[in-house]
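Asks: What follows is a predicted structure for the sequence shown.
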Amino acid sequence: MTPEPRDKFAFVSSGAPDAEAAVARLAKKYGSVPVTEADVVIALGGDGFLLQTLRETMSTGKQVYGMNRGTVGFLMNEFNEDDLRERIGVAVPETIRPLQMDATLADGSNLKALAINEVALWRQSYQTAKIRISIDDKVRLEELNCDGVMVATPAGSTAYNLSAHGPILPLDAPLLALTPVSPFRPRRWRGALIPEDAVVRFDILEADKRPVNVAADHTEAKSVLTVTVQQSRRETATLLFDASHSWSERILTEQFRY
């Protein structure tokens, strides 16, 4: 079967000088349409800007192809201005499902947000957080004393999760990473891999004395009481990777770095 053509491009930039200059050259060379009319949105910047672009185009059917004009660029393709149509024509699509967060705050309000990378909780004060962790309505950890804890998607497993010594997950793995940040008790607990359809609930213990904040990617809230996290069944985003340097290859390479 002949793949669907991906020939209408929208070039978007993080705003950094290198990215802005690249967008101008690429738009002149290949033509550019508004994001609303594009088949493929080509994001030039770093991983953070790529995730922002994915959030903004989520569930629109548009595919996002990143080219690195930032610092890390783990989710990005190599920057090259030549043969762009050919590269995108054979690029490998990966479907990403974000996490859905539902938080109850100390003032009685609720906050809902989506996260492509992770939903992370961390202590607000000098005292360690005390958090109860339940999965699918069953308490799995009665009390975690820690600086924080997160649920990360496969796409987010190479970001904050990796820096907290969490596992790297293939994009197509039906798993989420549950990873503590600086756990004090139980001292030897290093997290867990849980099914992608699991519902994770965090209850903040001694919330008045030990306040905890939460962030779903860039959406933040202070002083939460409970946080529920599960994978969204409705929202999706599609990321394109060069066939010569797939996500699976990047995952293997990263795990053998030292």
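Replies: Arrived safely.

Asks: can we go C-alpha only for contacts and neighbour counts from here?
Replies: Fine.

Asks: send the alpha carbons of the helix or strand encompassing Leu50 over as PDB?
Replies: According to DSSP states H and E, Leu50 maps onto helix 47-56. Output in PDB follows, covering the C-alpha atoms of helix 47-56 (Å, rounded to 0.1, in the frame of the first residue of the first chain):
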ATOM      1  CA  ASP A  47      12.800  18.500  23.200                       C
ATOM      2  CA  GLY A  48      10.800  21.000  25.300                       C
ATOM      3  CA  PHE A  49       9.600  22.900  22.300                       C
ATOM      4  CA  LEU A  50       8.800  19.600  20.500                       C
ATOM      5  CA  LEU A  51       6.600  18.600  23.500                       C
ATOM      6  CA  GLN A  52       4.900  21.900  23.400                       C
ATOM      7  CA  THR A  53       4.200  21.400  19.700                       C
ATOM      8  CA  LEU A  54       2.800  17.900  20.300                       C
ATOM      9  CA  ARG A  55       0.400  19.400  23.000                       C
ATOM     10  CA  GLU A  56      -0.800  22.100  20.700                       C
END
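
Asks: so what secondary structure elements neighbour that helix?
Replies: Helices and strands touching helix 47-56, as assessed by 3 or more CA pairs under 8 Å, 6 or more residues apart in numbering; DSSP states H and E, comprise strand 40-45, strand 63-68, strand 237-241.

Asks: can you list those strands in TSV and add mean neighbour count?
Replies: As requested, the helices and strands packed on helix 47-56 are arranged in TSV below (neighbours: other CA atoms under 10 Å):
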stretch	mean neighbour count
strand 40-45	27
strand 63-68	25
strand 237-241	23
